[in-house]
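Peer 1: sharing a model that was predicted from the sequence below.
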Amino acid sequence: MLLALVIGTGLGFISGILVTKGRLQPFIATLVTMTVYRGLTMIFMDGKPISNLGDSFTLKVVGKGNFYHIPIPVILFILIFALFMFILEKTTFGRRVYATGSNWEAARLAGVNIHRTKLAVYAISGGMAALSGLILLSRLGSAQPNLGDGYELDAIAAVALGGTSMNGGRGRIWGTFVGVLIIAVLNNGLNILGVSSYYQDVVKGIVILIAVLSDRKR
């Protein structure tokens, strides 16, 4: 599990290098690495799931454990949310993240090491993606080669709905928290209503479009 977290952090760091040193657009860099990593996963797993991975006590606890009847994934979510809210709103690093997202050139002139800031953010993102993968793996008891496909759309929708600007520099983690809850309720509601997954993608796409258009008018 620790190795998976380290690898995830390292892969996120590579994306950061492509953005900072390779001067790629963040969206392009993310799209390229996502495609490559998914391809490598298929090659490594030969396109087949790996079963019987839920025997580890620690792995079971991460995805299926409870603490006073509260699921461990929920506790992890709350703790990580509180940690990053503190980092973004109360630390120098958080202010640097906002400054870099708002106007990287102005941030650089103000003395912010924008490359280091971007690398740290991408590495943290990769580590959090790895943790999410471990939780999903634990709950399923097996590793699926296509596990998580389409989740990037949910992530974008949640952030956009939460009021984070797609141009960077504006947004609060509380908004993202609300956006995550909205997407979760939307997904669950559509499933309960028996709406096809194809239509669900259409709905999510429209939600993202509305959120981005609203952001443009601010």
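Peer 2: Yep, it's here. Numbers count the residues shown, from 1 in each chain.
Peer 1: what about the strands in the protein?
Peer 2: 66-67, 70-71 (DSSP state E).
Peer 1: quick check: longest helix of this structure.
Peer 2: Across the chain, the longest stretch assigned as helix under DSSP state H is helix 114-140.
Peer 1: how about that helix: buried residues?
Peer 2: 114-115, 117-138 (16 or more other C-beta atoms under 10 Å). All C-beta spots, glycine's among them, are computed from the backbone N, C-alpha and C.
Peer 1: and for stretch 168-176?
Peer 2: Going by 16+ other C-beta under 10 Å, stretch 168-176 has these buried residues: G168, G169, G171, I173, G175, T176.
Peer 1: with stretch 155-168 instead?
Peer 2: Applying a neighbour-count criterion of 16+ other C-beta under 10 Å, one finds A155, I156, A157, A158, V159, A160, L161, G162, G163, T164, S165, G168 buried in stretch 155-168.
Peer 1: for that stretch, the averaged confidence score.
Peer 2: Mean pLDDT, stretch 155-168: 81.
Peer 1: for stretch 34-41, same thing?
Peer 2: pLDDT averaged over stretch 34-41 gives 91.
Peer 1: right, and A29 touches T20 too?
Peer 2: No: here A29 does not reach T20: they are 9.5 Å apart, not a contact under C-beta atoms under 8 Å.
Peer 1: quick one: which of the two has more around it?
Peer 2: For A29 versus T20, the count of surrounding residues by other C-beta atoms under 10 Å is larger for A29: 20 against 17.
Peer 1: show me what contacts G101?
Peer 2: Taking C-beta atoms under 8 Å, 6 or more residues apart in numbering, we find G101 in contact with G168, G169.
Peer 1: mind running it again at 10 Å?
Peer 2: A107, I114, T117, K118, V121, T164, S165, N167, G168, G169, R170, G171 (C-beta atoms under 10 Å, 6 or more residues apart in numbering).
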